[in-house]
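In: Please work out how this folds:
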Amino acid sequence: MSDSLPDLSRAVHRWGRELGFDQVGIADLDLEEHETHLLNWLKQGRHGEMGYMQRHGVRRSRPWELVPGTQRVISVRLNYLPHGLDHAEQALEDSTRGYVSRYALGRDYHKVLRGRLRRLVRRIEGVAGPFGYRVFTGSAPVLEKALAERAGLGWIGKHTNLLAKDAGSWFFLGEIYTDLPLAPDPPTREEHCGDCRACIDVCPTQAIVAPYQLDARRCISYLTIELKGSIPLPLRPLIGNRVYGCDDCQLVCPWNRYARLASVEDFQPRAALEKSSLVEMMTWEETDYLRHTEGTAMRRIGHVQWLRNVAVALGNAPHDEAVVAALRTRAGHPSELVREHVAWALERHA
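Out: Purely as a prediction, here's the structure:
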């Protein structure tokens, strides 16, 4: 087997591209520098209420502890930007519409990537025979951006997203942990952000507290997705019309002028998520919400959290009787969380 490993490594790259991945790399497991960064981040409490980050600890940075026997990680990226950046900018500027992060507009990426990664595994098994592996798509304690950097797929930018010189940052990452000692690719050793601080300056909540340092507790993606309780009062006006996630740091990044559109039909936007007004979104009952979000990453936050987010966005919308009327329909909602955010929004329009 050892004599054929270089050939197998080259084949993995080829098969990955044949399966539709936009880039494939193989990483070694040297994540010591990233582990130090992770531990400092946790020590400062910047993970907020994401307690699982603390519980998993160094299993994120030590793949062999998460999956015993792991020697290499196959890292892949898949572009997801559904259309030009002007669409996203127009949606963000229209304060009457709910802005959904571009990655969540189509089918749940976990399902798309997992299926392709498993097909890649079967290709490898066809040549190498049975081997130890585990597939990951953002659903386990994995330092996916650090591993992608080690695999030569790009560098971690000042906004803490992975950047590629020829593709920007609008892509998903996936991994295969394997016990095959494949030939690793040269890691990305240089970052190319230079003196640029566009992402730092544009962040509505100043969540990028320093270059390469993100305080999740202030991040709109955290506030609208990960945070299950009440959104801090000082941050609510800064959320604007963002009802699920945030893309601001990517929209201003100069490297995203090279971003490539998704070739996967699954990532095309659903009209209800991309074009609905905030007033319309507030009328969605749970059955409507489940129908519109079926098979998407948005399903995970649930209807109550969704109404909380829409209430905040309506509180930030221009004053209009339709806005006030929509908020009043939820003023007596059974959830205290919804009632609180609706009351705040109504007070903004008083």
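In: For the rest of this, base every contact and every neighbour count on C-alpha atoms.
Out: OK.
In: Run through who's touching the lowest-mean-pLDDT helix or strand in the chain.
Out: Least confident helix or strand, the chain: helix 51-56 with a mean of 90, by mean pLDDT, DSSP states H and E. Helix 51-56 is contacted by residues 42, 47, 141 when judged by CA atoms under 8 Å, 6 or more residues apart in numbering.
In: Which members of those are classed as buried?
Out: Neighbour-count burial (16 or more other CA atoms under 10 Å) is assigned, among the contacts of helix 51-56, to 47, 141.
In: Kindly indicate which of the contacts of helix 51-56 lies nearest Gly98.
Out: When those are compared for distance to Gly98 (CA to CA), His47 comes out closest, at 26.0 Å.
In: you'd agree Val12 is up against Glu125?
Out: No - at 11.0 Å, Val12 and Glu125 do not qualify as touching, with contact defined as CA atoms under 8 Å.
In: Tell me the secondary structure at Leu163.
Out: Using DSSP: H, G, I helix; E, B strand; the rest coil, the structure places Leu163 in strand.
In: what are the bridge partners for it, then?
Out: Trp155 (DSSP bridges).
In: and it, what does it touch?
Out: 154-157, 169, 255.
In: quick one on the thing from earlier: how far off centre is the least confident helix or strand of the chain?
Out: 18 Å (CA atoms, centre = their mean, to the nearest Å).
In: Buried residues, it. List them.
Out: Applying 16+ other CA under 10 Å to helix 51-56 flags 53-54 as buried.
In: Equivalent analysis for stretch 182-194, please.
Out: 182-185, 187-188, 193.
In: Mind listing residues that contact stretch 290-306?
Out: 104-110, 224-226, 228, 243-244, 270, 272-273, 285-286, 289, 335, 337-338.
In: try it again with 7 Å
Out: With contact meaning CA atoms under 7 Å, 6 or more residues apart in numbering, stretch 290-306 is reached by 104, 106-108, 225, 228, 272, 286, 289, 338.
In: between those, which is nearest Asp7?
Out: Using CA to CA, the contacts of stretch 290-306 come closest to Asp7 at Asp108, 33.5 Å.
In: What distance do you get for the residue nearest to the closest one when sequence neighbours are not counted to Glu226?
Out: Counting by CA to CA, 6 or more residues apart in numbering, Asp108 lies nearest to Thr296, which is 4.1 Å off, once chain neighbours are set aside. Counting by CA to CA, to the nearest Å, the separation of Thr296 from Glu226 is 16 Å.
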